[in-house]
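Novice: Prediction below, plus the sequence it came from.
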Amino acid sequence: MSGYAVVQVDEATWVSRAKEGDQAAFEVIFQRYERQIYGFIYRMMGNPDDANDLTQECFIRAYKALPQTSLDLNVSAWLHRIASNACLDVLRRRQRIRWLPWESHKHEHLLHGKPLDDPERNAISNETQIVVQRVLNMMSARNRMALVLREYEGMSCEDIGEIMGLSRSAVKSVLFRGREEFRKIYRSVEVDESECSGEIASPSGH
């Protein structure tokens, strides 16, 4: 095991060393964030092949761009921005966005131990992952991105703004519109689900 893996050094020090071309320092950054970025891309793209390819592309882009960054770099937000752009480039070419069911992560949505808001957070935290996926698939890409970063990644408005290239007030507006869009679609999907359930449960036609 290398000294880099043993000695706990402030992240800014790793960034500074990596900016100067220290590949071992960049490897530490890669090891620290690779799993998180892979998970984000996997949820965005919906399959491991895309996730693997785009995670590699993300860190290649990061390695090339790092020398031009500032010393007070927010590494997590910066990498998420690169990953978001890489995903959206592919998704625009495909002209569709696919989302994974969130069932395996439903307990991760209790951010900081606080209760979840209605209805988008409650839907995510309860046994409604299939419905949530349907709703997300029907939402605009911009609103989906903001909601996932906020509710799934647990990011602040400032970090979301940095990733999406928006001001804090603009992020709040996008989140507001996203939640409204989620609520509207969620209600319509709930109606469809209940009607289907009613038809199945009432074979006599009552």
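Specialist: Great, that's in hand. Numbering: from 1, shown residues only.
Novice: What helix or strand is residue 71 located in?
Specialist: Here residue 71 sits in a region with no helix or strand, counting by DSSP states H and E.
Novice: Who are the contact partners of it?
Specialist: For residue 71, the contacting residues are 12, 15, 16, 19, by C-beta atoms under 8 Å, 6 or more residues apart in numbering. C-betas here are computed from N, CA, C, even on glycine.
Novice: Tabulate the residues you listed (JSON lines), appending distance to residue 39, pLDDT and neighbour count.
Specialist: Shown next, in JSON lines, are the contacts of residue 71 (distance: C-beta to C-beta, whole Å; pLDDT from 0 to 100; neighbours: other C-beta atoms under 10 Å):
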{"residue": "12", "distance to residue 39": "24", "pLDDT": "80", "neighbour count": "12"}
{"residue": "15", "distance to residue 39": "22", "pLDDT": "85", "neighbour count": "22"}
{"residue": "16", "distance to residue 39": "27", "pLDDT": "86", "neighbour count": "15"}
{"residue": "19", "distance to residue 39": "26", "pLDDT": "86", "neighbour count": "17"}
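Novice: From these, pick the one nearest residue 59.
Specialist: Checking the contacts of residue 71 against residue 59 with C-beta to C-beta, the nearest one is residue 15 at 13.9 Å.
Novice: roughly how far apart are that closest one and residue 165?
Specialist: Using C-beta to C-beta, to the nearest Å, residue 15 is found at 21 Å from residue 165.
Novice: same question, residue 174
Specialist: Residue 174 is 11 Å from residue 165, by C-beta to C-beta.
Novice: of the two, who's got more company?
Specialist: residue 174 (22 against 10; other C-beta atoms under 10 Å).
Novice: What helix or strand is the more buried one located in?
Specialist: Under the criterion of DSSP H and E, residue 174 resides in helix 168-201.
Novice: can I see the domain layout of the chain?
Specialist: 1-98, 102-206 (automatic domain parsing).
Novice: Can you flag the weakest of the ones you listed by average pLDDT?
Specialist: Lowest mean pLDDT within the domains of the chain: domain 102-206, at a mean of 70.
Novice: In this protein, what residue spans correspond to helices?
Specialist: Secondary structure of the chain (DSSP state H): helices at 3-6, 11-19, 23-45, 48-65, 75-94, 120-125, 129-138, 141-147, 157-164, 168-201.
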